[in-house]
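J.: structure for this input, please:
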Amino acid sequence: MRVLFTYRCLQANVMMPTTHKHFGFDSNPRSGSTTAEVRFPYFYLAFIFASALDLILTYTVLLLGGMEVNPIANAVLQSPADFHGLIAYKFAIVVVVVLVCEYLGRVAEPTGRRLAAGAVAISSFPVVWSMLLLLNHH
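T.: Next up is the predicted model:
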């Protein structure tokens, strides 16, 4: 009896509000709020996560004697900026992709969504590849 009462109290306290907020952005366009709304927050979260994992795993592979196979990223690594330049390069890619997805999301929503999903898929390949390399490393 007590468990049922506790469950119903929790259920009452966890009711969803009528306006939802995702990552601090108001997702209700009729609320009159002046906060910015991003179009594809979950794709962006996954894209940023995959990009960060790519950087971490690239650094690990380089420490273990591996090499960067992306020719542009390798050129950045060979420059005087070294790994800090690679971080800036990857960050710039993330910013540009998110800005393009936001623009397309406002002009042609399905195209922006496909680009955001494609960015997540493409940025996941180096992560999977690096993980396989690290798992096979003796």
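J.: C-alpha from now on. contacts and neighbour counts both.
T.: OK.
J.: check contacts around Leu53.
T.: Listed by Cα atoms under 8 Å, 6 or more residues apart in numbering, the contact partners of Leu53 are Val127.
J.: and the host helix or strand of Arg113, how far from the chain's centre?
T.: Assigned by DSSP states H and E, Arg113 falls within helix 109-136. Centroid separation between helix 109-136 and its chain, computed with Cα atoms, centre = their mean, to the nearest Å, is 10 Å.
J.: helices and strands around it, which ones?
T.: Here helix 109-136 touches helix 41-63, helix 82-107, going by 3 or more Cα pairs under 8 Å, 6 or more residues apart in numbering; DSSP states H and E.
J.: in CSV, list those along with mean pLDDT and distance to Leu115.
T.: As requested, those are arranged in CSV below (pLDDT from 0 to 100; distance: least, Cα to Cα, whole Å):
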stretch, mean pLDDT, distance to Leu115
helix 41-63, 97, 10
helix 82-107, 96, 6
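J.: of those, which is nearest Asn136?
T.: helix 41-63 (11.7 Å; Cα to Cα).
J.: okay, angle between the closest one and helix 82-107 too, please.
T.: Comparing the axes of helix 41-63 and helix 82-107 via axes from the mean of the first three to the mean of the last three Cα atoms, to 10 degrees yields an angle of 160 degrees.
J.: count of neighbours near Tyr89?
T.: Look at Tyr89: counted by other Cα atoms under 10 Å, it has 16 neighbours.
J.: just to revisit the earlier point, distance to Arg113 added to the helices and strands packed on helix 109-136, as a markdown table?
T.: Formatted as a markdown table, the helices and strands packed on helix 109-136 follow (distance: least, Cα to Cα, whole Å):
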| stretch | distance to Arg113 |
| --- | --- |
| helix 41-63 | 8 |
| helix 82-107 | 7 |
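J.: among those helices, which is nearest Val120?
T.: Among those, the nearest to Val120 by Cα to Cα is helix 41-63 (4.7 Å).
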